[in-house]
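Asks: Dropping a prediction and its sequence here:
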Amino acid sequence: MASSEEDGTVEEKENNNKKRTKSTVATAWLTFYNIAMTAGWLVLAMAMMRFYIQKGTHRGLYRSIARTLKFFQTFALVEVGHCAIGIVKTSVIVTGVQVCSRIFMVWFITNSIRQIQNEESVILFLVVWTMTEITRYSYYTFNLLRLLPYFIKWARYNLFIVLYPVGVIGELLTIYAALPFVRRSGMYSMRLPNKYNVSFDYYYCLIIVMLSYIPLFPQLYFHMLRQRRRVLHGEVIVEKDD
Ligand SMILES: CCCCCCCCCCCCC[C@@H](O)CC(=O)SCCNC(=O)CCNC(=O)[C@H](O)C(C)(C)COP(=O)(O)OP(=O)(O)OC[C@H]1O[C@@H](n2cnc3c(N)ncnc32)[C@H](O)[C@@H]1OP(=O)(O)O
C-alpha cells in the first residue's frame, strides 16, 4: 500500500519534472523566436525609412525589401505550429487565417505581379504591418521575460483598433489593383481543355478572396477586442474551442 502511494508520488514528480522541462524549452524557444521576429521587422522598418530618405519616393521600395519581407512573413507560419502544439494559448484557426492571408498577400499578389509593386496601397499595408509586428513581437518578448513596460502593453492592445482596418484597406486596394493584370495575363489560371480536365480562374479566385474579408476580418477584429478587454481591463472571457 505504502509502496504504491510512493510509486504514485514518484510518477507525479516525474510528470511534473517533464512538464517543467517542456515549458522551459517552450519559453526559451518562444523568447528566441520573438526576439528574432522583432529584430526582423525592425530591420524592415529601418530599410524602408532609409530607402525613402535616400530616394525621396516609394517607387522601388517593395523590390528593395522583398527578400527580408518574404523571409520574416513566411517564418510566421511557425506561429500556427505554436498554437497546434499548445505552447501558446491561441486559436489555430484565428492565427492560421491571419498568417495565411498575409503570406497570400506577399507571395501570390505583391511578389507575383510586378506592375502593382509601386502602388501606394502596398506601402500602406507594409507600414501598418511593420508597426503592428514590432509592437506585437516586442510585447510577447517582454511579457515572457516578465519585464513588460506598460506603454508596450498599451500599444499592443490599442494600436490595432486603427491599424487593423487601415491594413485591410491597403490589402484590398492592392488586390483590386492586381485584378486587371491577372485578367490580361491569365496567370495561375487553367483553361479548358487541358489534360487534367480542370478549369481554374485566378481572377475570380481573387474576387472570392476579397469577398472573404467580409466574414473573416470582423472575427479577427472582435477577437482582438476581446483580448484587449481581457488584458487591459481584466475581464474574464470564455472562448469557444477550435
Ligand atoms: C489562402 C488565402 C487566404 C485568404 C484569406 C482572406 C481573408 C482574410 C481576412 C483576414 C484579414 C487580415 C488582414 C491583416 O493581414 C491586416 C493586418 O494585419 S493590418 C495590421 C494590424 N494587425 C494587427 O493588429 C494584427 C492583430 N492580429 C494578431 O495579433 C494576431 O494575428 C492574432 C492571431 C489575431 C493574435 O491573437 P492572439 O490570440 O494570439 O492574441 P494575443 O496576442 O493576445 O495572444 C494570446 C496569448 O498567447 C500568447 N502568445 C501568442 N503568441 C505568442 C508568441 N509568439 N510568444 C509568446 N506568447 C504568445 C500571448 O502572450 C497571450 O498569452 P497570455 O494570455 O498568457 O498573455
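Replies: Now that the structure is in, tell me what you want to look at.

Asks: what does this structure put close to the ligand?
Replies: For the chain, the residues in contact with the ligand (C-beta under 6 Å from any ligand atom) are 30, 34, 79, 88-90, 94-95, 97-98, 100-102, 104, 128-129, 132, 136, 140, 143-144, 160, 163-164, 167-168, 171, 209, 212-213, 216-217, 220, 223-224, 227. For the C-beta atoms, the positions are set from N, CA and C on the backbone; glycine is no exception.

Asks: can I assume residue 193 sits in a helix?
Replies: No. Under DSSP: H, G, I helix; E, B strand; the rest coil, residue 193 falls outside any helix and is assigned coil.

Asks: On the pLDDT front, check it for me.
Replies: Looking at residue 193, its pLDDT reads 90.

Asks: I'd like to know how many residues surround it.
Replies: A count of nearby residues for residue 193, using other C-beta atoms under 10 Å, gives 7.

Asks: Then residue 110?
Replies: Neighbour number of residue 110 under other C-beta under 10 Å is 25.

Asks: isn't it right next to residue 122, touching?
Replies: Yes. Assessed by C-beta atoms under 8 Å, residue 110 is found in contact with residue 122 at 5.8 Å.

Asks: Tell me the residues that contact both of these two, please.
Replies: Here residue 110 and residue 122 have 62, 116, 174 as joint contacts, going by C-beta atoms under 8 Å, 6 or more residues apart in numbering.

Asks: So the second one is in contact with residue 173, correct?
Replies: No. The pair residue 116 and residue 173 fails to qualify as a contact (C-beta under 8 Å) at a distance of 9.7 Å.

Asks: now the helix or strand containing residue 182, how far from the centre of its chain.
Replies: Counting by DSSP states H and E, the element that carries residue 182 is helix 160-185. The chain centre lies 16 Å from the centre of helix 160-185; the measure is C-alpha atoms, centre = their mean, to the nearest Å.

Asks: Pull out the buried residues from that helix.
Replies: Neighbour counts over helix 160-185 (16 or more other C-beta atoms under 10 Å) mark 160, 163-164, 167-168, 170-175, 177-179, 182 as buried.

Asks: For the ligand, state which of those is nearest.
Replies: Checking these against the ligand by C-beta to the nearest ligand atom gives residue 167 as the nearest, at 2.1 Å.

Asks: What pLDDT does the model give residue 31?
Replies: pLDDT recorded at residue 31 is 97.

Asks: Please name the residues that touch the residue positioned nearest the centre of the chain.
Replies: Geometric centre of the chain, nearest residue: residue 99, 4.0 Å, by C-alpha atoms, centre = their mean. With contacts defined as C-beta under 8 Å, 6+ apart, residue 99 is in contact with 76-77, 79-80.
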